[in-house]
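**Q** fold the stuff below for me.
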Amino acid sequence: MISGFFKESIIKRAQEKKLVDIKLINLRDFAIDDYGTVDDRPYGGGAGMVLRIEPIYKALEKIKNQKSKIKSTNKNSKIILTTPKGKRFNQKIAQEFSKLDHLIVIAGHYEGIDERVLNFVNEEISLGDFIMTGGEVTSAAITDAVVRLIPGVLKKKEATLQETFNIKGENLLEYPQYTRPKSFKNLKVPKVLTGGNHEEIEKWRLKMAKENTLKKRPDLLDPV
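**A** Reported below is the predicted structural model:
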């Protein structure tokens with residue numbers, strides 16, 4: 001479902017440059033029978049199916065065995081589970097994950113996952129307060145957000161130093177951006193951006209970032 005996503009654009013180039021190694025593991029390779037069964041009905045009844053613990057545990061054990069051949073420590077490795085019950089993913093978490101040697105993402109699916117899996121997981125992560133049919137899209141989004149922060153992945157280092165959620169070190173939305181032409185259907189580029197005064201431009205950008213945040217995401221601002 002998500003293999004094509006990792007073969008395009010920046011994620012593709014990051015792998016070609018050996019800056020990141022992404023492995024997709026099919027849970028059905030660790031199924032409990034020859035039919036590829038990885039789920040079952042929940043005890044106590046209920047709608048839908050629940051992922052069983054055995055296939056997930058076996059997959060994790062294989063990954064750990066592979067990791068043992070690589071020079072790294074468990075302290076610099078993390079296992080996360082995508083679930084709407086988890087902590088909401090954000091840029092700060094992406095930055096933390098980008099510093100890890102290994103990040104294992106278990107994509108939730110169906111009605112849920114056997115609760116005992118949490119005994120082998122470090123964190124539960126959610127993309128937001130909504131429900132999807134599976135955690136594959138969430139896994140791809142987390143991977144994209146993390147990989148772009150790895151040094152060398154983006155051509156310009158500044159690209160990750162000055163962007164939404166990190167404007168002059170503040171948790172702000174990015175300032176407005178403009179390009180040519182200077183005027184389009186009487187909609188003009190602000191004069192400050194074409195004047196060449198970089199100090200004034202920086203002041204304007206910070207001011208607009210704060211105004212943008214106050215208007216669109218006031219929850220990001222520190223309470224007064």
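
**Q** part of a helix, is Leu60?
**A** Yes: counting by DSSP: H, G, I helix; E, B strand; the rest coil, Leu60 is part of a helix.

**Q** next, the buried residues of stretch 122-134.
**A** 124-127 (16 or more other C-beta atoms under 10 Å). Yep, even glycine has a C-beta here, placed from its N, CA and C like the rest.

**Q** which residues sit against that stretch?
**A** For stretch 122-134, the external contacting residues (C-beta atoms under 8 Å, 6 or more residues apart in numbering) are 1, 78-89, 93, 107-110, 118, 137-138, 141-142.

**Q** and stretch 212-224, by the same measure?
**A** Counting by C-beta under 8 Å, 6+ apart, 165, 171-176 sit against stretch 212-224.

**Q** and which of these is nearest Lys210?
**A** Nearest to Lys210 out of these is Leu172 (C-beta to C-beta; 6.2 Å).

**Q** please verify my assumption that the closest one contacts Phe165.
**A** Yes: using C-beta atoms under 8 Å, Leu172 is in contact with Phe165, at 7.4 Å.

**Q** comparing the two, which shows the higher neighbour count?
**A** Leu172 (22 against 17; other C-beta atoms under 10 Å).

**Q** sec struct for the more buried one, please.
**A** From three-state DSSP, the assignment for Leu172 is coil.

**Q** how close does it get to Met132?
**A** Separation of Leu172 from Met132 (C-beta to C-beta, to the nearest Å): 29 Å.

**Q** can you map out the helices along this structure?
**A** 9-16, 53-67, 91-98, 136-147, 198-216 (DSSP state H).

**Q** now do the top strand by length along the chain: which elements does it pack against?
**A** If you go by DSSP state E, the chain has its longest strand at strand 77-88. If you count contacts as 3 or more C-beta pairs under 8 Å, 6 or more residues apart in numbering; DSSP states H and E, strand 77-88 packs onto strand 102-107, strand 112-113, strand 123-126, helix 136-147.

**Q** show residues contacting the shortest one.
**A** Pointing back at strand 112-113 there. 42, 48, 50-51, 56, 81, 83, 106.

**Q** at 6 Å what do you get?
**A** 50-51 (C-beta atoms under 6 Å, 6 or more residues apart in numbering).

**Q** what does the average pLDDT come to for it?
**A** Taken as a whole, strand 112-113 has an average pLDDT of 92.
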